Structure formats: C-alpha cells, structure tokens
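Asker: Any chance you could fold what I've pasted below:
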Amino acid sequence: MTINGRAVTTNSHSDVMCPSTGKLIAKCPVATRQQLDEAVKGALKAQTHWKQTSYDYRREIMNQMSDILQQNSVELGTLLSLENGKPLAEAIREAGARTAASLLGFSSMTIPTPEILTDDKNVRVEVHRRPYGVVG
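Answerer: Next comes the predicted model:
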C-alpha cells in the first residue's frame, strides 16, 4: 500500500474474493492504526497545500483525473467486476464514464459567495461554506 507517496508493508492482509466465482483474486493490505494515523496526517498536510490553490487549478486537476479514468476504464472496470461481481460492461461504464462525468460535474460547480444574513449599521453576519477536509 502507499502512504504519503511511499510504498509501505503490513503484516495483515484481507482476502479479496470474486463473488461470482468464489475464487481468491487478491490479498489487500490492512493498515495498522499507526499507518492509518500516518496516512491521515499526511493527507492533512497535503490538504493544507491544496486549499491554498486556486479553484481554476483544482478544476484542471479534476478534469485531468476525469481524462485518466476514461483512458483506463477497461482496466479499472475489469478490477471492479472481479471485486464485486458486477457485469463487465457495467463496471467499465462505472469506472470510466460515470465517475469521469461526476468529476467533470464537480469541477464545473461554482463556489458560492458568502451568504449575508445580516448587514446593518451595528453588525454584519456572513455564512462562508468551506469543505471539511480530510477525515479518517
């Protein structure tokens, strides 16, 4: 598994079974609590940088991610089909076109301007909506 851009190992693994055949298709690493904490800490650090980037930059990255998903939809769909037994054609659509379309939809959203609740000579109250960030 990868944590903070580097490969790490673990002693614990979970079997990944193909539900349509019942055969073992992979072993998935199971992170320790310490590894999970390290991954969340790294993600928080990355998110600190990410939130300083412009919305235009974020849109471009999401559009690139959409393109990559489309280009790799057969490989990703094949894995998805094996993992959950979904018909291959449906899994390819989900891994490629549907997920890519979701990213394009998110990237085209506009960030709402602050909502002004009160604005008079004594007080101004604004609501700013911001993402929560990393959770784990």
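Asker: Now Ile116: which helix or strand?
Answerer: strand 115-119 (DSSP states H and E).
Asker: Other residues contacting that strand?
Answerer: Arg124, Val125, Glu126, Val127, Arg129 (Cβ atoms under 8 Å, 6 or more residues apart in numbering). No exception for glycine: its C-beta is placed from N, CA and C like everyone else's.
Asker: Does the second one lie in a helix or a strand, and which?
Answerer: In this case it means Val125. strand 124-127.
Asker: Give me the sheet partners of that strand and which way each runs.
Answerer: Sheet partners assigned to strand 124-127 using DSSP bridges are listed as strand 115-119 (antiparallel).
Asker: Tell me which stretches of this structure form helices.
Answerer: Assigned by DSSP state H, the chain shows helices spanning 33-50, 55-71, 73-84, 88-93, 99-107.
Asker: Of all those helices, which one is nearest Leu24?
Answerer: Among these, helix 73-84 comes nearest to Leu24, with 10.8 Å by Cβ to Cβ.
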